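**Student:** predicted model follows, preceded by the sequence.
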Amino acid sequence: MKTINWLLILMVFLVVSCGNENRWDVELPKEKVELKFTDISKDFFDQKVNLNVLQSKYPFFFDNSVENAVWEEQRKDTTELAVFDSVQKTFAKSNYQDELESLFAYYKHYFPEEMLPQIYTYSSGLQSIYEPVIYGRKEGMLFIALDGFLGSNSSWYQKERVYPYVAKNMNPEDIAPSVVKAIGREIIPFDPRKQTFVDMMVDEGKKLILADALLPKSADELKIGYTKEQLEWAIGNEGDIWNYFVEQSLIFSNDKSYRERFLQPGPFSKFLNEIETESPGRIGAWVGWQICRKYLDENPEITLKEFLQKDTQEIFKASKYKPKKGEGNYAPKESTSNDELEKYEN
């Protein structure tokens, strides 16, 4: 009997171990991916470098409709120089370049046909802090406004009155997840005809699966921009969140307001009840992430590239996503029949 018990324990251990295996934590070639980083602002604010030289070296950085005198004034602007100084101090010992080289090593593993981008960093004078990363896939260029990642407690963000829920994701460690988002916008297909709420959730989920693949050693809260407490809330309330979406007939609705309520960044998601202030923003994106993960569990043979091209409705249907309802009372305003949802669950 003791032998049988130990065999049973061993079998359970093996099953659990296999179930917890990270499919994205793959072994990469030993050759390190080397990226080329160029600090545009270091040249721009160096008065020893002639403006004509800058314009020849970085033609994409200058607007030809702006007179040279304006550029010269900007190069001497005390605020711009002070912001640039903050960038220099913040990133003097940062390892973000190593993180990006790791990210693009995984990128080349899953997308070998894609070129590695030339990376240009710059200080935008706080002009690009809300959209600090731009990826030009065809051009092979990646732009990062480093003043968008000075740290959530930066005095510059306080002066700019950046909302706390936005500033909390403006740290140096948020660069890599932001780069993944920029890549996702370029390589994940967008179908304007598929814009039901579940389509939008799965679309956001795809982007977070891309983060799983390119940042396999990063914490989930970093990938989605949550605190640990917010992530724990989402996990603990998953069934109730889904039940709310179902009972409120949100799943297949084309109501565009759901994007603002549940998918865009915010201090909390808008359930329109007393629960909402406890929730993190973008809870619909988190649910879409879980749908996509469930799909991948059900279809382990699919490649990342194939998955990202997959139809959002097909992913939802094949995921068999149906989390267990918890004990929370979300008190939806009305309960309606969901015959369309039922056909997906059968």
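**Tutor:** Great, that's in hand.

**Student:** which stretches of the stretch 151-300 of the chain form helices?
**Tutor:** With helices called from DSSP state H, counting those that start in this stretch, the stretch 151-300 of the chain shows them at 155-159, 164-167, 175-187, 197-214, 220-224, 228-236, 238-247, 257-262, 283-298.

**Student:** helices and strands around the fourth one, which ones?
**Tutor:** Under the contact criterion of 3 or more Cβ pairs under 8 Å, 6 or more residues apart in numbering; DSSP states H and E, the helices and strands touching helix 197-214 comprise helix 96-110, helix 175-187, helix 220-224, helix 257-262, helix 283-298, helix 304-309, helix 312-319. Bear in mind the C-beta positions are built from the backbone N, C-alpha and C, glycine included.

**Student:** list the contacts of the spatially most central residue of the chain.
**Tutor:** Taking Cα atoms, centre = their mean, the centroid of the chain lies closest to residue 181, which sits 4.5 Å from it. Under the criterion of Cβ atoms under 8 Å, 6 or more residues apart in numbering, the contact list for residue 181 reads 133, 207, 211.

**Student:** closest to residue 29 among these?
**Tutor:** Compare each of the contacts of residue 181 with residue 29 using Cβ to Cβ and the shortest gap goes to residue 211, at 21.6 Å.

**Student:** tally of neighbours for that closest one?
**Tutor:** 24 (other Cβ atoms under 10 Å).

**Student:** separation between residue 184 and residue 194?
**Tutor:** From residue 184 over to residue 194 the distance is 16 Å, taken as Cβ to Cβ, to the nearest Å.

**Student:** over to residue 109?
**Tutor:** Shown here: residue 109 relative to residue 194, a distance of 29 Å by Cβ to Cβ.

**Student:** now do the SS call for residue 139.
**Tutor:** coil (DSSP: H, G, I helix; E, B strand; the rest coil).

**Student:** what's the spacing between it and residue 227?
**Tutor:** As for residue 139, its distance to residue 227 is 36 Å (criterion: Cβ to Cβ).

**Student:** can you pull the buried residues of stretch 58-69?
**Tutor:** Residues of stretch 58-69 classed as buried under the neighbour-count rule (16 or more other Cβ atoms under 10 Å) are residue 61.
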